[in-house]
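A.B. asks: Return a 3D structure for these sequence lines:
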Amino acid sequence: MLDEDGDLLLDLNDTGGLNGPRGLYREITNKDTLAEYHYSGLLVTRVITDSASITDIAYSGNKVSQITFNGFLDLDGNGKLDKDSVSYSQLFTYGPNDRLVTVSENRSVFRRPPPVPPATNPGPQTLLRKAKTLYDVKYNASTAKMDSIIMKTGPDVSGTTFAFTNYSRTGYTYLGDNVSKVVRHYGPATGPVTAPVFGRPTTKFAYEFFDYDTEISPFTLLPSVYKISRLLSTEINDRESHILSPNNPKKASVTDLLPPIPSPVIRTTNYNYDPQTYMTRGFGVNYIYKPF
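C.D. replies: Residues are numbered from 1 along each chain as shown. Reported below is the predicted structural model:
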């Protein structure tokens, strides 16, 4: 199996594997290609996902400076891509030790209006809404691991004073270097942009990851900032937070914490690996690699 440049890939039926440096090339299921990664040298510069959605990654040196997305997302969490298209741009700011400290996002959502008789086709994509979002990334002082992400967001309406109207806080717990639990709650925000007031949470979910193996996650080959951006792209993507881990969990759960008796939804898997101990299949997804 070859990539778009004609280079050899790690075939799913090949037991020899790759030796030496490698990159993650594709995430595929039995029916679809979930993601395809394109490189400039050793750096991931473009990711193509469902419905030809495109994520472009720009760098300043070796640090990700900007990510832009144009395409379709599952914003309502029903397992299907929305018909509304999404465009966003994220700018990344770094602090001491080159750690990510803020993500500033501008997002637009577009919708095709229904046909106007006698026309039978929907109209062209029309701007539906815009939003501005700021993410503050916090770290544990003793471990230096990412401790939490605070999100503040609000509608960007021309001719009005911008204000944050909603917030979320995402907290991370670790077992060793692996993410073991993520809790994210959402609520309303009021007050000035410089000092918003967070209200009582109205939504709260927990995502837990169990039974990690000791083998290598394919996501260790992707930039950490891209992985954070991927998690921030929708409200449901926190369920993928194990991509921040160096190893692979065999069990994952999602729990709505607001009901009096929370009931987790649990998924389990068995993994396949190549001889270099990189995971090649899990949770119904195959991972294809390319050599550098």
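A.B. asks: From now on I want contacts and neighbour counts done on CA atoms only, so please keep to that.
C.D. replies: OK.
A.B. asks: who's in contact with the helix or strand containing Ile57?
C.D. replies: For Ile57, the enclosing helix or strand under DSSP states H and E is strand 53-60. Around strand 53-60, the neighbours that count as contacts under C-alpha atoms under 8 Å, 6 or more residues apart in numbering are 44-48, 64-72, 226.
A.B. asks: hey, C-alpha coordinates of that strand in CSV?
C.D. replies: The C-alpha trace of strand 53-60 is given here as CSV (Å, rounded to 0.1, in the frame of the first residue of the first chain):
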residue,chain,number,x,y,z
SER,A,53,-13.2,18.6,5.4
ILE,A,54,-9.8,20.2,5.6
THR,A,55,-7.7,21.2,8.6
ASP,A,56,-4.6,23.3,7.7
ILE,A,57,-1.8,23.5,10.3
ALA,A,58,0.7,26.4,10.2
TYR,A,59,4.0,26.6,12.2
SER,A,60,6.3,29.1,13.6
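A.B. asks: Give me the buried positions along it.
C.D. replies: For strand 53-60, a neighbour-count test (16 or more other C-alpha atoms under 10 Å) marks 53-58 as buried.
A.B. asks: Stretch 266-280 now?
C.D. replies: 271, 273-274, 278-280.
A.B. asks: Which ones among those residues lie within strands?
C.D. replies: Using DSSP state E, the members of those that fall within strands are 273, 279-280.
A.B. asks: Which of those residues sits closest to Val101?
C.D. replies: Using C-alpha to C-alpha, Met279 comes nearest to Val101 of those, at 30.4 Å.
A.B. asks: Contact partners for that closest one?
C.D. replies: Applying C-alpha under 8 Å, 6+ apart, the residues near Met279 are 215-218, 248, 271-273, 287.
A.B. asks: Turn those residues into TSV, including distance to Glu235 and pLDDT.
C.D. replies: Output for these, formatted as TSV (distance: C-alpha to C-alpha, whole Å; pLDDT from 0 to 100):
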residue	distance to Glu235	pLDDT
Glu215	29	98
Ile216	27	98
Ser217	23	98
Pro218	23	98
Asn248	22	98
Tyr271	27	97
Asn272	29	97
Tyr273	30	96
Tyr287	24	97
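A.B. asks: wait, which of those residues is closest to Phe92?
C.D. replies: Closest approach to Phe92 among the contacts of Met279 (C-alpha to C-alpha): Pro218, at 23.7 Å.
A.B. asks: remind me which residues of the stretch 151-292 of the chain are low pLDDT?
C.D. replies: Applying pLDDT under 70 to the stretch 151-292 of the chain flags no residue at all.
A.B. asks: Helices of that one, start to end?
C.D. replies: 224-232 (DSSP state H, counting those that start in this stretch).
A.B. asks: and the residue positioned nearest the centre of the chain, what does it touch?
C.D. replies: Central residue of the chain (C-alpha atoms, centre = their mean): Arg230, 1.8 Å from the mean position. Contact analysis of Arg230 by C-alpha under 8 Å, 6+ apart lists Asn237.
A.B. asks: Okay, it and Thr68: tell me how far apart.
C.D. replies: Applying C-alpha to C-alpha, to the nearest Å, the value for Arg230 to Thr68 is 11 Å.
A.B. asks: Thr143 too?
C.D. replies: Thr143 is 31 Å from Thr68, by C-alpha to C-alpha.
A.B. asks: Between these two, point out the one with more neighbours.
C.D. replies: Thr68 (18 against 9; other C-alpha atoms under 10 Å).
A.B. asks: would you say the more buried one is within a strand?
C.D. replies: Yes: under DSSP: H, G, I helix; E, B strand; the rest coil, Thr68 falls within a strand.
A.B. asks: Could you give the number of residues near the residue nearest to it when sequence neighbours are not counted?
C.D. replies: Closest residue to Thr68 apart from its sequence neighbours, by C-alpha to C-alpha, 6 or more residues apart in numbering: Ser89 at 4.4 Å. Using other C-alpha under 10 Å, Ser89 has 17 other residues around it.
A.B. asks: ok, now which ones touch Ser89?
C.D. replies: Ser89 neighbours (C-alpha under 8 Å, 6+ apart): 66-69, 105-107.
A.B. asks: switch to 7 Å and redo it
C.D. replies: Counting by C-alpha atoms under 7 Å, 6 or more residues apart in numbering, Ser89 makes contact with 67-69, 105-107.
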